[in-house]
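Undergrad: 3D, please:
(3 chains)
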Amino acid sequence: MKALLLSVLWQVVQMALVLALAPLLTGWVRWVKSRLQARCGASPLQPYRDILRLLRKDVVLAHNASWLFRASPYMIFTAIWVAAGLVPAFTSHLALAPSADLIALVALLGSARFFLALAGMDVGTSFGGIGSSREMMIAAFAEPAMMMMVFSVAILVGTTSLAEIADFMVSGTVGLRVSLALALMALVMVAIAENARIPIDNPSTHLELTMVHEAMVLEYSGRHLALVEGAAMLKLLLYMALIACIFAPWGMAHPGDGLGPALWGLVTFAGKMALGGAALAVFETSIAKMRVFRVGDFLGGALLLATLGAIFLFVSRGV
Amino acid sequence: MPRTAQRSGLWKKRGNTNVAVFACIRARNVPYLFHLHFLRFGAMAFAGVAILCLLLLSVLGMPAARWKGGDGVVYGGTGAVCAALTLWAALRLAGGGVDEVVLPLGLPWLPAHLRADALSAFFLMVVNFTGATASLYGWGYGRAHHAVHGPKPGPVLPLYPLFLAGMNLVLLANDAFVFLVSWEFMSLASWLLVLANHREEGTARAARIYLIMAGFGTACLLLAFGLLAGTHGDYSFAAIRTHTPTALAGALGVGLMLLGAGSKAGLVPLHIWLPLAHPAAPSHVSALMSGVMTKVAVYAIVRVTFDLLGEPAWWWGGVMLVAGSVTAVMGILYALMQDDLKRLLAYSTVENIGVIIIALGMALVFKAAHVPVIAALALSAALLHIVNHSLFKSLLFFGAGAVLASTGTRDLGRMGGLIHTMPVTAFLMLVGAAAISSLPPLNGFVGEWLLFQAILNGPTLPQWILKILIALVGAAVALAAALAGACFVRAYGTAFLGRARSVAASGAREVNWAMRVAMAVPALLCVVLGVMPTPLLRLVEPATRLLVEAGPFDGRAYQPWFWLAPTSAVGNSYNGLVFLVVIAAVSAVLGLAIHRWASDRVRRSIAWGCGFDEPDPAGVTQYTPSSFGQPIRRAFGATVFRARDTVDMPEPGDVRPARLTVRWSDPAWVWLADPVVRLVNAAADRVNEIQFLTIRRYLSLMFFALVALLVLVAVLQQWS
Amino acid sequence: MSNLAYDAAHLLGALVLMMSFALLYQRRLSALLNAFTLQAVALAAAAAWQGYAQHSHHLFITAVLTLVLKAVVMPVALRRIVVKLNIERTIEPALSIGLTMVAGVSLVTLSILLVMPVTEDATALTREDLALSLSVVLLGLLMMISRRNAVSQVVGFMSIENGLILAAIGVAGMPMIVEMSIAFSVMVAFIVFGIFLFHIRERFDTLDVQKIESFRGESQ
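TA: Now for the predicted structure:
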């Protein structure tokens, strides 16, 4: 009973933590990027100010926006927030762990994308359509690639539960595995695509013909836009936490641990996020955006890599 | 023992055919004993009477079309019978046990055998549930159609109960003869129903192709059963079950079953008739054909491969995995290319049949490898997906019918903005679209989750080729699911969201209460089954026990009913209820917080169109279904369908409109159907010559045919 | 053999294979040469690791040879050729990238299917390496048939050689002479191809093999 209560407590802390940290991570990536590009850059705290400002503003709705358009930001934010709560960040002792596994996590992100794409089509402008159709094309590659990554990891570990995967990985019995390397590559490629980062999409572009994510949310304003932007920030944190949780789970607290390891888990988590954000900034600075129709090749490559990883599991000994 | 049956001698019962199953269910579920005695009393008599009622309703339907309120009588009666049969089937499924009856009908040496076991009961439940909602919907649909388009087209009323009776009989058949006769009943009734809208363009072609493919399918089934019965000549399923076929006969039997029943279910590349015929019928019949008749074909495959043929060979499942993967991915790619809403749904049926066949293939592979628990898990995934698909596909077809009834079009490019004019239909369709895109916490996701859990056990199989194949099948299932999401965003977004693209769409009205209720029931079940799938899985457990001798929950300690945690061999769990509660709680907190602390004012304004703010009555500045499909068409269609977009852009100063033309070719037609058609035509030309011979030549033809047959008989006698 | 030795060898072999995929994916000649350099480095590392794990010192020589010849000399030389010929920067693939990649994965699957059941009784390490190197060889062949540019065909040819060396270093006790000959043959091939390229360029002003085919005399 005590363990259950503790897991609920950690779950609540985790949900609050991701919510609090997500804008900071985005701000951090932007700050490092501007430093690398020899600009001063806004403070890493700027995203908090942006969101608070958006929350105070009025919503401007198009005349024919339906209830779906107004409800979608809430659904998207909830789905991604819950999904971010499922990824063990500083402890694997989470109350929701047995209710939803990695497959459910992927599907939950799929729901968020489904409603975002629908919302993009609701007002009936060409930008919404262009963004939604490209987003769904990207998803058509990214989601199976992600599933194949899940497949590789799950076969290695023997479970699809994220908490158990983290516990298993930290125990070090896995060793070096080709499949894991391939899965990591695929996951990073998917994460780049899903978060609308360079080279798939440019998070700071407003050039209409090249944008994907920005085109979908063009009609949003005020609190709706705040939710959508917040969801995007949460998603970035989620993917980084996911990569850290599967491939670098060191420092994480486990069921049965007390306050001390949990605090240490928090510190290492913050460190991992800072490192990951800096790496993302370096990568984005050093590469150019690709044409939209090369995305198929890029993500098709991710899908094939992940499939190859799953196939290689059968070659490796000790399956 | 039914006393009436004893007295008349018509009903013969064999009570202890499946003692093992019965005993194990009795041991687990003591309270069911009471039901059992009640149920076994005339259990088959009930089904027989129900089917007779359907046939009577069919006879009644002929004059009823002319009465005022006659459609209410027929649809109401059919719906009531279906509802009763659903309940009966569910109780039988829970009660377990096997009932058989032999009727002195049919061929002199082969009386009609009927039998209801757990598998039949499961499929009867699925068929009749959709039958009940479709009856309610059909009644409302007829009224709506009558109000808009004048008199009803074609004789739907007498054929509709006949179609349902045919499907029920297929599921109850216990010998090859009854099976094939009722299969033909089902095929012909549905063929005539397709012809109901015979004045519409394309229906004649659809019906012709359907008839050819149905004939082909039945021929394959006939051969398959002939092979399985072997030299005994006893066509009852009980006899087929007792003797194991040779390896060659078994292989041929499985192949012919997959061809025959697969063509009815819509396996690629035998699916060519399906997207033509299903949409051509009235929408409630489309829902039945797509949601349920394909399942009857799946039943035939399950019955033969899991039950009649005995111990499976490992590669049967492999063949099914390959066929299912190709069907799933191709089906949804086809669907993405369609502009006709009902045809899109028909192609999506092809995809879902592919997923079901994959799950069945997994079950068969694990059954052959003697891992019954995982086989039960995969089989549960298949059965659950059968229920799920019958629910959301009927819902979506009902919705498409509602749109058709109120706008008069099936073309996505002429819809748009229906969420404003048909709010209830739009909401229910959203549930259906989300469920079929397997989004949590709806039912489509649970089926997929179970299937993935089974796929994750692929590495334990002994065959190298199967291990690698299952890894690829996993990729195919994931790809199909992601593409299904794209497909339904496209369909829903262009039909219900945005602005109206035609006058008919802007003047659409919400449909009547009967149609709305008929859509609401499956939509509600989509949510309920997604949140709490475990009770249904417990209910269908007798069917998995019958086929693979294990249940999906074996080896697990007690699990509460709201928790989906299959066998200990998997170790994973999913809880839709907790999921739903957490999501609801978080949304509530979020909504309250936003409205407490953030600005809650709303201003209305025009949408941003690059400065283009003129009124746009036809909605031409928004994305069309073709333009939405373009990225995926370019990424996948260019190779698979040889899709090419050509743009005809007029010179500056030229006032004619620019045109975008999309050309694509259907590989199933290009590579399979067209060559066959050419071959048949050539053969027909040759045979045609025989009609113009002299009498002497006719005589010599007969003579040589006779001699050839005699020689054949002589040779066969030498051999045996 | 210990776990670590096995895992590291497996990882390095897979890295060589990955670089084969990278070769298939690249469209620009300079990027292609970079990927080839990386493949050679991975191969050298694999050879060195095998030398350490199998305690056979001649494998270190192979590693050094591979590193010097394939990771330094050849890419530098080829890059100079590319610069000198001033040939266009993009490769025209005969197949689309997507199809090439799908074909590549099918080939890897095929080689796994071929090698695994046949070598049931061989040691795990040998089996791995055989499957991996067969895949590298097949991918090199695929690259040679799917590309039109003569330079990328040379690279494809050399990646076939890499696959052969990968197979050779995996088998314990492979004589030194074989590696020398393989390295030498690659050298020869390189020289031949280099001269060949210059001649083609001088005569026809293009490196596109398909265009060269029409110069066989029949069409003129």
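
Undergrad: wait, isn't residue B:621 in contact with residue B:612?
TA: Yes: shown here, residue B:621 and residue B:612 form a contact pair, counting by CB atoms under 8 Å, at 6.4 Å. (Each C-beta comes from the backbone N, C-alpha and C, glycine too.)

Undergrad: neighbour count winner among the two?
TA: Higher neighbour count among residue B:621 and residue B:612: residue B:621, with 16 against 12, using other CB atoms under 10 Å in any protein chain shown.

Undergrad: what helix or strand is that one located in?
TA: Using DSSP states H and E, residue B:621 maps to neither a helix nor a strand.

Undergrad: got the phi/psi numbers for it?
TA: phi -80, psi 0 (degrees, to the nearest 10).

Undergrad: show me the contacts for it.
TA: Going by CB atoms under 8 Å, 6 or more residues apart in numbering or on different chains, residue B:621 touches A:125, A:126, B:609, B:612.

Undergrad: list the contacts of the second one.
TA: Listed by CB under 8 Å, 6+ apart, the contact partners of residue A:126 are B:609, B:621, B:622, B:623.

Undergrad: how about the third one, nearest residue that isn't a chain neighbour?
TA: Spatially, and ignoring its direct neighbours in sequence, residue B:622 is nearest to residue A:124 (4.1 Å; CB to CB, 6 or more residues apart in numbering or on different chains).

Undergrad: after whatever helix or strand residue B:227 lives in, which helix or strand is next?
TA: Per DSSP H and E, residue B:227 falls inside helix B:203-229. Moving toward the C-terminus from helix B:203-229, the next helix or strand (DSSP H and E) is helix B:237-242.

Undergrad: the helix or strand following that following helix vs helix B:203-229, what angle?
TA: Remark: after helix B:237-242, the chain's next helix or strand is helix B:247-265, criterion DSSP H and E. Counting by axes from the mean of the first three to the mean of the last three CA atoms, to 10 degrees, helix B:247-265 lies at 160 degrees to helix B:203-229.

Undergrad: and helix B:247-265, which residues are buried?
TA: The neighbour-count check on helix B:247-265 (16 or more other CB atoms under 10 Å in any protein chain shown) flags B:249-265 as buried.

Undergrad: the residue nearest to residue B:622: what secondary structure?
TA: coil (DSSP: H, G, I helix; E, B strand; the rest coil).

Undergrad: was I right to think it contacts residue B:624?
TA: No: with contact defined as CB under 8 Å, residue A:124 does not count as touching residue B:624 (11.0 Å).

Undergrad: skipping adjacent residues, who's closest to the residue of the stretch 1-150 of chain A found nearest chain B in space?
TA: Per CB to the nearest CB, residue A:129 is where the stretch 1-150 of chain A lies closest to chain B, at 2.4 Å. With CB to CB, 6+ apart as the criterion, residue A:129 has its nearest non-adjacent residue at 2.4 Å, and that residue is residue B:623.

Undergrad: how about the contacts made by the one you found?
TA: Residues in contact with residue B:623 (CB under 8 Å, 6+ apart) are A:121, A:126, A:128, A:129, A:130, A:132, A:133, B:494, B:498.

Undergrad: any idea how far residue B:675 is from residue B:666?
TA: From residue B:666 across to residue B:675, the span is 13 Å (CB to CB, to the nearest Å).

Undergrad: quick one, what contacts residue 41?
TA: In the absence of a named chain, chain A is used. Contacts of residue A:41 were listed using CB under 8 Å, 6+ apart, and they are A:30, A:31, A:33, A:34, A:35.

Undergrad: wrong one, I was asking about chain C
TA: Counting by CB under 8 Å, 6+ apart, residue C:41 touches C:67, C:71.

Undergrad: average model confidence for the helix or strand hosting it?
TA: Secondary structure assignment for residue C:41, by DSSP H and E: helix C:29-54. Across helix C:29-54, pLDDT averages out at 87.

Undergrad: and if you look at stretch A:308-319?
TA: Stretch A:308-319 shows a mean pLDDT of 67.

Undergrad: any idea how far residue C:106 is from the nearest residue to residue B:465 once chain neighbours are set aside?
TA: Nearest non-adjacent residue to residue B:465, counting by CB to CB, 6+ apart: residue C:113, 6.3 Å away. Per CB to CB, residue C:113 is found 10 Å from residue C:106.

Undergrad: ditto for residue B:170
TA: According to CB to CB, residue B:170 and residue C:106 sit 40 Å apart.

Undergrad: which of those two has more neighbours?
TA: Using other CB under 10 Å, the more surrounded residue of residue B:170 and residue C:106 is residue B:170, with 27 against 13.

Undergrad: which SS state does the more buried one fall under?
TA: For residue B:170, the assignment made with three-state DSSP gives helix.

Undergrad: the helix or strand where residue A:232 lies close to chain B?
TA: For residue A:232, the element it lies in under DSSP H and E is helix A:222-247. Yes: using CB under 8 Å from any CB of the partner chain, helix A:222-247 reaches chain B at A:222, A:223, A:226, A:227.

Undergrad: distance of the residue nearest to residue B:465 from residue B:463?
TA: Look at residue C:113 and residue B:463: by CB to CB, they are 10 Å apart.

Undergrad: ok, now residue B:259?
TA: On the measure of CB to CB, residue B:259 and residue B:463 end up 24 Å apart.

Undergrad: and if you look at residue B:190?
TA: Remark: distance between residue B:190 and residue B:463 (CB to CB) = 39 Å.

Undergrad: and if you look at residue B:294?
TA: Computed as CB to CB, the residue B:294 to residue B:463 distance reads 30 Å.

Undergrad: for stretch B:238-245, the distance to its chain's centre please.
TA: 28 Å (CA atoms, centre = their mean, to the nearest Å).

Undergrad: residues of the helix holding residue C:41 that come out buried?
TA: Judged by neighbour count using 16+ other CB under 10 Å, the buried positions of helix C:29-54 are C:29, C:32-54.

Undergrad: and the helix or strand following that helix, average pLDDT?
TA: Sequence-wise, the next helix or strand downstream of helix C:29-54 (DSSP H and E) is helix C:58-66. Averaged across helix C:58-66, the pLDDT comes to 80.

Undergrad: helix C:58-66: what's the following helix or strand?
TA: Per DSSP H and E, the first helix or strand lying C-terminal to helix C:58-66 is helix C:74-85.

Undergrad: counting contacts, what elements does the following helix or strand past that next one pack onto?
TA: Once the chain leaves helix C:74-85, the next helix or strand it forms, by DSSP H and E, is helix C:97-118. Here helix C:97-118 touches helix A:295-315, helix B:464-496, helix C:3-25, helix C:124-146, going by 3 or more CB pairs under 8 Å, 6 or more residues apart in numbering or on different chains; DSSP states H and E.

Undergrad: mean neighbour count added to these, as TSV?
TA: Formatted as TSV, the helices and strands packed on helix C:97-118 follow (neighbours: other CB atoms under 10 Å in any protein chain shown):
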stretch	mean neighbour count
helix A:295-315	25
helix B:464-496	26
helix C:3-25	22
helix C:124-146	22
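
Undergrad: and those helices as TSV, adding distance to residue B:92?
TA: Output for those, formatted as TSV (distance: least, CB to CB, whole Å):
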stretch	distance to residue B:92
helix A:295-315	42
helix B:464-496	32
helix C:3-25	55
helix C:124-146	52
